[in-house]
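Visitor: No letters, just coordinates:
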């Protein structure tokens, strides 16, 4: 059998004819147990996939986060190779709070890709950046989601737009989507229709 250094590459080793290994319809990468890590704080994480029921043996290729059931917490969509996709619904405690931001650029690009939002609540500080991709075969929502735990308010939000403009908002209540348009200090009621 031929020696393979990496999937899809041919290897030129003494005695090797350089052909690809015939694996039929199967993947050389997959069929590993999925893992899910829970943030314990202080830079520590615990593997909890077996508790959450997501530790299936699959050939996962893509991953996306969204609030599929619109309950304020993020759910996970997994795209598998030659297997059905999976939607894992997060059952977070209902007393936890959240806030989302949907940005629209005016001087910056309209999708606000590259904008950075710094959120401060309680003793915590969180940072998210608007991006459209998240790795191999994985997408990213343009809406930024922040989990707030038991905090019902965000003391300060700083938005650094790709154009270089910096805007700040204070004292926003939790559990809502906040649309922001570059150049309008404060939440926008509706996106402009330009």
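Guide: Received it, and whenever you're ready, just let me know what you need. What you see is a predicted model; the values in this text were computed from it and never measured.

Visitor: use CA for all of it now, contacts and neighbours both
Guide: OK.

Visitor: Assign a three-state SS to the nearest residue to residue 107 once chain neighbours are set aside, would you?
Guide: Spatial nearest neighbour of residue 107, chain neighbours left out: residue 163 (6.2 Å); criterion: C-alpha to C-alpha, 6 or more residues apart in numbering. Judged by DSSP: H, G, I helix; E, B strand; the rest coil, the three-state class of residue 163 is coil.

Visitor: My guess is residue 163 contacts residue 110. True?
Guide: No. At 11.2 Å, residue 163 does not count as touching residue 110 under the criterion of C-alpha atoms under 8 Å.

Visitor: Just the pLDDT for the residue nearest to residue 107.
Guide: As predicted, residue 163 sits at a pLDDT of 96.

Visitor: just residue 115 next, same as before
Guide: 97.

Visitor: Wait, it touches residue 129, no?
Guide: Yes. Shown here, residue 115 and residue 129 form a contact pair, counting by C-alpha under 8 Å, at 5.6 Å.

Visitor: Comparing the two, which residue is more hemmed in?
Guide: residue 115 (23 against 18; other C-alpha atoms under 10 Å).

Visitor: Now residue 90: closest residue in space that isn't a chain neighbour?
Guide: residue 75 (5.1 Å).

Visitor: for that neighbour, what are its contacts?
Guide: Residues in contact with residue 75 (C-alpha atoms under 8 Å, 6 or more residues apart in numbering) are 65, 66, 67, 68, 69, 87, 88, 89, 90.

Visitor: again, only using 6 Å
Guide: 65, 66, 67, 88, 89, 90 (C-alpha atoms under 6 Å, 6 or more residues apart in numbering).

Visitor: Which single one of those is nearest to residue 33?
Guide: Of all these, residue 88 has the smallest distance to residue 33: 15.0 Å, by C-alpha to C-alpha.

Visitor: my guess is that closest one contacts residue 76, does it?
Guide: Yes. If you go by C-alpha atoms under 6 Å, residue 88 and residue 76 touch, sitting 5.1 Å apart.

Visitor: Skip the chain neighbours and tell me the closest residue to residue 72.
Guide: residue 98 (6.2 Å).

Visitor: That neighbour contacts residue 148, doesn't it?
Guide: Yes. With contact defined as C-alpha under 6 Å, residue 98 and residue 148 form a contacting pair (5.0 Å).

Visitor: domains of the protein?
Guide: 32-88, 97-181 (automatic domain parsing).

Visitor: most packed of those domains?
Guide: Among these, ranked by average contacts under mean count of other C-alpha atoms under 10 Å, first place goes to domain 97-181 (a mean of 17).

Visitor: so where's the chain shaky on pLDDT?
Guide: Scanning the chain for pLDDT under 70 picks out 1-30, 186-194.

Visitor: Show me where it has its helices.
Guide: Applying DSSP state H to the chain gives helices spanning 49-52.

Visitor: can you give me the strands for the protein?
Guide: Taking DSSP state E, the strands of the chain run over residues 32-33, 37-41, 44-47, 57-58, 60-66, 75-80, 86-88, 97-104, 116-121, 124-129, 143-149, 153-160, 166-173, 177-181.
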